[in-house]
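Engineer: Here's my sequence, what's the structure:
(one chain, ligands or ions: 1)
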Amino acid sequence: MQANAPPPIQCRDLSRSFGHAGARVDALEPVELHFAAGETTAIVGPSGCGKSTLLRLIAGLDTPSTGSVRIGGETPLQMRQRAALSVAFQDAALLPWRTVRGNIALARKLARLPPDPASVDRLIALVGLAGFEDRRPADLSGGMRQRAAIARCLISDPRVLLLDEPFGAVDELTRARLNHELPALWQGRGVTTLLVTHSVSEAVMLSDRVIVLSPRPARVVADIAIDLARPRATGAEADALIANVTEALAQSAPPRPQPA
Ligand SMILES: Nc1ncnc2c1ncn2[C@@H]1O[C@H](COP(=O)(O)OP(=O)(O)OP(=O)(O)O)[C@@H](O)[C@H]1O
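Structural biologist: Okay, the predicted model is just below:
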């Protein structure tokens with residue numbers, strides 16, 4: 001594989017349980033999953049079903065109970081060590097004493113890449129933070145911090161991007177702009193992307209494939225190809241796919257019987 005090509009991700013017999021016998025929580029049943037090189041896959045499922053657990057295992061931030069993750073032949077840790085894998089989680093952990101620009105530039109330095117102020121500024125503009133470059137995280141809203149974290153994870157030009165509800169605290173307008181512009185950015189560069197989201201429409205508009213997980217312990221209950229042309233637009237085709245995913249989600253988590 002070319003050094004700069006996006007890699008496929010292979011999860012074999014991957015499972016995760018927490019605690020011990022008696023008080024054991026099975027978060028993820030053994031799953032076999034393959035994510036094709038350069039594809040964007042959205043992972044949806046009921047709250048608490050194990051989406052973040054799956055993403056953390058693929059990121060190498062947690063150890064599986066069984067099985068393994070290989071990313072183009074490497075372990076997640078090897079990918080992260082050479083800054084080829086970036087993670088943006090819900091709670092954007094920026095360094096509080098650094099400015100927006102400083103946080104993003106540091107990520108580039110940690111990836112052992114030469115300084116590139118123009119790229120830093122371009123990404124800051126992309127995520128709608130132009131004018132806030134010199135602010136510290138405490139002076140930003142939650143959504144702004146999240147956007148800074150997205151820019152930070154793109155600055156090392158990763159080949160694998162793992163996003164866990166990255167737009168959770170972002171306002172609707174900015175969210176729409178990010179949904180529109182980010183796919184072009186990561187497809188242009190060739191990135192294998194996994195995105196955990198609670199928004200079915202976001203999953204359909206951003207992804208090539210949507211995986212629906214069951215309630216905990218998570219297993220794959222639907223695997224839906226999103227073969228819509230890009231750039232994506234709303235319309236009957238997108239609506240039909242949104243309806244498919246919504247139906248699969250509803251089937252995966254039937255409403256609990258109400259007490260009489
Ligand atoms: N470190 C941990 N120790 C014990 N239990 C854990 C741990 N991490 C996750 N769990 C449990 O595993 C299950 C799955 O959690 P996870 O965060 O993966 O779900 P999720 O689908 O991402 O949830 P949400 O959609 O609400 O963010 C939950 O029951 C959670 O309490």
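Engineer: tell me the average confidence for the strand or helix carrying Glu181?
Structural biologist: Taking DSSP states H and E as the definition, Glu181 sits inside helix 172-189. The average pLDDT within helix 172-189 is 76.
Engineer: ok, now stretch 244-259?
Structural biologist: Here the average pLDDT along stretch 244-259 is 79.
Engineer: Give me the neighbour count for Pro137.
Structural biologist: Neighbours of Pro137 under the rule other C-beta atoms under 10 Å: 20. For the C-beta atoms, the positions are set from N, CA and C on the backbone; glycine is no exception.
Engineer: Same check on the one 4 residues further on?
Structural biologist: Around Ser141 sit 12 other residues, with neighbours defined as other C-beta under 10 Å.
Engineer: Same check on Glu237?
Structural biologist: Counted with other C-beta under 10 Å, residues neighbouring Glu237 total 15.
Engineer: how close does it sit to Asp164?
Structural biologist: According to C-beta to C-beta, to the nearest Å, Glu237 and Asp164 sit 28 Å apart.
Engineer: list the helices and strands the helix holding Glu181 packs on?
Structural biologist: Judged by 3 or more C-beta pairs under 8 Å, 6 or more residues apart in numbering; DSSP states H and E, helix 172-189 is in contact with strand 40-44, helix 142-154, helix 200-206.
Engineer: what sits against Leu178?
Structural biologist: Contacts here follow C-beta atoms under 8 Å, 6 or more residues apart in numbering; on that basis Leu178 touches 127, 147, 150, 167, 170.
Engineer: If any of those residues are buried, give me the PyMOL selection for them.
Structural biologist: Selecting only the buried entries of the contacts of Leu178 in PyMOL, with 16 or more other C-beta atoms under 10 Å as the criterion:
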select buried, resi 127+147+150+167+170
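Engineer: Between the contacts of Leu178, which sits nearest Gly45?
Structural biologist: Taking C-beta to C-beta as the measure, Phe167 is the one of the contacts of Leu178 closest to Gly45, at 17.3 Å.
Engineer: Where does the stretch 151-260 of the chain get nearest to the ligand, residue-wise?
Structural biologist: Nearest residue of the stretch 151-260 of the chain to the ligand: Arg216, at 5.2 Å (C-beta to the nearest ligand atom).
Engineer: Assumed that residue was part of a strand.
Structural biologist: No - counting by DSSP: H, G, I helix; E, B strand; the rest coil, Arg216 falls outside a strand, being coil.
Engineer: what angle separates the helix holding Glu181 from helix 142-154?
Structural biologist: If you take axes from the mean of the first three to the mean of the last three C-alpha atoms, to 10 degrees, helix 172-189 sits at 0 degrees to helix 142-154.
Engineer: Can you tell me what sits against the helix or strand that helix 172-189 is followed by?
Structural biologist: Counting by DSSP H and E, the element after helix 172-189 in chain order, helix or strand, is strand 192-196. Strand 192-196 has contacts (C-beta under 8 Å, 6+ apart) with 6-9, 35-44, 51-52, 55, 58, 71, 159-166, 186, 203, 206-207.
Engineer: when you check the ligand, which of those residues turn up near it?
Structural biologist: Among these, the residues within reach of the ligand (C-beta under 6 Å from any ligand atom) are 51-52.
Engineer: Could you give me the PyMOL syntax to select whichever of the contacts of strand 192-196 are buried?
Structural biologist: Of the contacts of strand 192-196, the buried ones go into a single PyMOL selection, burial set by 16+ other C-beta under 10 Å:
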select buried, resi 6+7+8+9+35+37+38+39+40+41+42+43+44+51+52+55+58+71+159+160+161+162+163+164+165+166+186+203+206+207
